[in-house]
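A.B. asks: Whatever this is, show me its structure:
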Amino acid sequence: MRFVTFAVILTCLSISAFAKTDSLIIQGRVLNLSGRLYRQAPAITFSRNNILQPQSELSKQASLAADGSFRVSLPMLYGREEIYLDYNGLAFTSFLGSPGTIEITFDGDSLTKAKRLFYFAGVNADANNQNFTYVNEEIKKLTANPALGNKFYESFWAKSPNEVQSLANRRAELKLSALAAVAERGVVDPTLRQWTQSLANDEMLQNLYEYALTNDFALGKDLLDSLNRLSHSPLTAQRVTWASRFGTFADGTVDEKRASSPGRTNSLPVRRMATLIRDNASQLAMDERARLNDIIEKGVAEKTELDFLNKLYSKNELVLNLLFGYEREARFYGELYDSTAREFLKARYLPKNFHKYTYSQQQRLSSHIKSTLTIPQFRESLDEIVRIEVKDSADIEKLIAFKDVRTQPTEALPGYYLSASNERGTTWANRILDQYKGKTIYIVKWNFDDAKSREELEYMAALQAQLPSDVVFLYFHVPAEEIFVSGDLVKQYMVRHRLKGTHLFLNSNQTMDLLFKLNPIEPGTFAIVRPNGKFYAKNAPGPAAMEKTVQAILQAREK
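C.D. replies: Below is the predicted model:
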C-alpha cells in the first residue's frame, strides 16, 4: 500500500472536555409572536451531536409560551458543543453551547426580512454574536474563489498527494481569513477563533481521509496523530463527520489485518480469556475461580488448563461469545492504532453493530465496553447512545409479538403496516400499488444485512419529516442470500429507525418475479411512483441525498 503524509498547518486551541455530564440551559424569546405564527410553529427544536454516531436522535423541543418565551436543557458531554436551532423550518442557526445558560432572542416579524435574526447572551455570547459576521464573510470569500469554493471537489480526488495537501491547506486558510472581517469590528473572541479553527481543520482532515480512502493510500503519522482531537472541544457536526470517515478507514485496515492473520482472528491471549471467563461466567465454584486466578497470574496454559477454559466457556457460551467478539476486534485496534484512536474505535464498536444485537445484548456489551474505556467523553457518548436505543423497547416488543400479518397491509403499530403473501411477486406488488393509487409512493428496496441499505435508512425519519404526510413509504424487504436474518432483529431495527410505512417481506421467488418491474431490485435502491400509478423514477436518489430526494418526490407529486 502507498503511504502519504500531510502537514496540518493550522493550530487548534483544543480544550479538553469535562469528565462528567453537565447541562446547557437554553432560554429566550420569539419577539412579536403573532397568533398565526404560534399556531404554525408552536415549538423550537434544538439538536446536538454524538461523536460515535452521525445520525443519532439528540434533539429536544422547547414549547413556546404565549409571550414567545421558551426554555429547555441539553446535556453536555464535551466542554463546548455545536448546537442547532430549527424553528419549524422557518428559521435556522447554529451556535456554540457550554455548561451554563444561554439566551437567544429573535423577531417573529423578521423571519424572512432581517439580515441578522439571532442575538445571544450568556455563555459563549461574544463568539455566537461574532459568528454571524464570520459566516457571511466566509461565504463571500468562497464565492469569490470558486477553485477553493463551489468547484473545490470537482477535480480534488484525481490530484496528486502534494496537490491535495496544498489545496486542502489553502481552502482552510481561506476560510480562516474571514476572521479579519470580525477583527475590523473589534477583538476576535478566543472561543470563536477556536471554533472556526476547529471547523477548518476538521474539514481539511475529512478531505484528506476521503482522499486516502478513494485512492487506497495509508495514512502518514501526522494524520494519525491528529486523531487525539476526537476527545477535545468543541464537538461539531464537522468533527463527527470526520470521525465517521476515520472509522470507515479503520474498518478497512482491520479487515486487511484480519485477512493477513487468519489464525489470530478467533484467538485471544490466555490471560485475557481467563479474566473474561472469571468476571462473566455464572455460578463459578471457589476452586474454579482459584484456578482461573492462577492462569491469569501465570499468563500461560497447558492443554489441561485450556480444556478447563473451554469447558467453562461452553457453559456460558451466549454471553462469552458476545464479549469475545468485541475483545478480538479490540485486539486489532490496539495493534493498529494508539491512544485516542484506539479508544474511539472501541467505543464505536457497539454503535457500528447495533443491528446485530437484541436490546439485552446491547446493554450487556455496553457495560463491558465502558469498563475498558479510559476517555470519559467516549464512555459518556456510548452510554448516551445505548440509552436512546433501549427507549423503544416497549414498541419493539409489541411489533415482535404481532402475528396477524396478512396479504392486506395490517397496522401493527401506529404508522407501521406489515404484509406477507404467497402470491407471485408482481401480482402482490401490483395490488399494493393500486391500493395507494392517487398518492405519491417512495419505494425502498432494502435488506437488513446490507450495509448500504442501513446507511441510507439512517436518514429515513429525517426525510419523512420534510415531506407531506400523504406521501406513502413502501418498503420491499429483499431476502439475504445464504444468510439467516432474524425477523425479530429486523422489527427492532424498523422501530428504532422510525421506518414508518408499509412493509412487504419478499421471498426469493417473489424477488425474482419482480426483477423487471422493480429493476434495479438490489438492496439499497429506491424508486418513486406518481399518483397516476406510473413510475417517475425507477432508480431514484436515496434518503442520504436529502435535498435531491425531497425535490424529486415533490416534483413527482405535482405531475
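
A.B. asks: any low-confidence regions in this structure?
C.D. replies: The chain contains residues with pLDDT under 70 at 1-21, 55-57, 263-265, 482-483, 559.

A.B. asks: elements contacting the top helix by length along it?
C.D. replies: Counting residues, the longest helix found in the chain (DSSP state H) is helix 190-215. In terms of contacts (3 or more C-beta pairs under 8 Å, 6 or more residues apart in numbering; DSSP states H and E), helix 190-215 is packed against helix 125-144, helix 161-176, helix 179-183, strand 217-219, helix 221-225, helix 237-260. Every residue, glycine included, has its C-beta placed from N, CA and C.

A.B. asks: Could you export these as CSV, including distance to residue 524?
C.D. replies: CSV is the format used below for those (distance: least, C-beta to C-beta, whole Å):
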stretch, distance to residue 524
helix 125-144, 33
helix 161-176, 29
helix 179-183, 42
strand 217-219, 27
helix 221-225, 30
helix 237-260, 16
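
A.B. asks: Include mean neighbour count and distance to residue 203 when you put these into JSON lines, please.
C.D. replies: Listed next are the helices and strands packed on helix 190-215 as JSON lines, based on neighbours: other C-beta atoms under 10 Å; distance: least, C-beta to C-beta, whole Å:
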{"stretch": "helix 125-144", "mean neighbour count": "18", "distance to residue 203": "12"}
{"stretch": "helix 161-176", "mean neighbour count": "18", "distance to residue 203": "7"}
{"stretch": "helix 179-183", "mean neighbour count": "16", "distance to residue 203": "16"}
{"stretch": "strand 217-219", "mean neighbour count": "19", "distance to residue 203": "17"}
{"stretch": "helix 221-225", "mean neighbour count": "15", "distance to residue 203": "14"}
{"stretch": "helix 237-260", "mean neighbour count": "17", "distance to residue 203": "6"}
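
A.B. asks: which stretch among the ones you listed comes nearest residue 267?
C.D. replies: Of all the helices and strands packed on helix 190-215, helix 237-260 sits nearest to residue 267, with 11.6 Å by C-beta to C-beta.

A.B. asks: The closest one - contacts with which helices or strands?
C.D. replies: Helix 237-260 packs on helix 190-215, helix 317-336, helix 339-352, going by 3+ C-beta pairs under 8 Å, 6+ apart.

A.B. asks: Tell me the span between the first and last residue of stretch 488-508.
C.D. replies: Using C-alpha to C-alpha, to the nearest Å, one end of stretch 488-508 lies 19 Å from the other.

A.B. asks: Distance from it to the middle of the chain?
C.D. replies: 19 Å (C-alpha atoms, centre = their mean, to the nearest Å).

A.B. asks: can you check stretch 133-150 too?
C.D. replies: Computed by C-alpha atoms, centre = their mean, the chain-centroid distance of stretch 133-150 equals 28 Å.

A.B. asks: Would you tell me which strand is longest in this structure?
C.D. replies: For the chain, the strand with the greatest residue count under DSSP state E is strand 22-31.

A.B. asks: List the contacts of it.
C.D. replies: By C-beta atoms under 8 Å, 6 or more residues apart in numbering, the list of residues contacting strand 22-31 from outside reads 37, 44, 46, 62, 64, 67-76, 81, 83, 87, 97-109, 123.

A.B. asks: What strands flank that strand, and is each parallel or antiparallel?
C.D. replies: Paired strands of strand 22-31, with direction, are strand 69-76 (antiparallel), strand 100-107 (parallel) (DSSP bridges).
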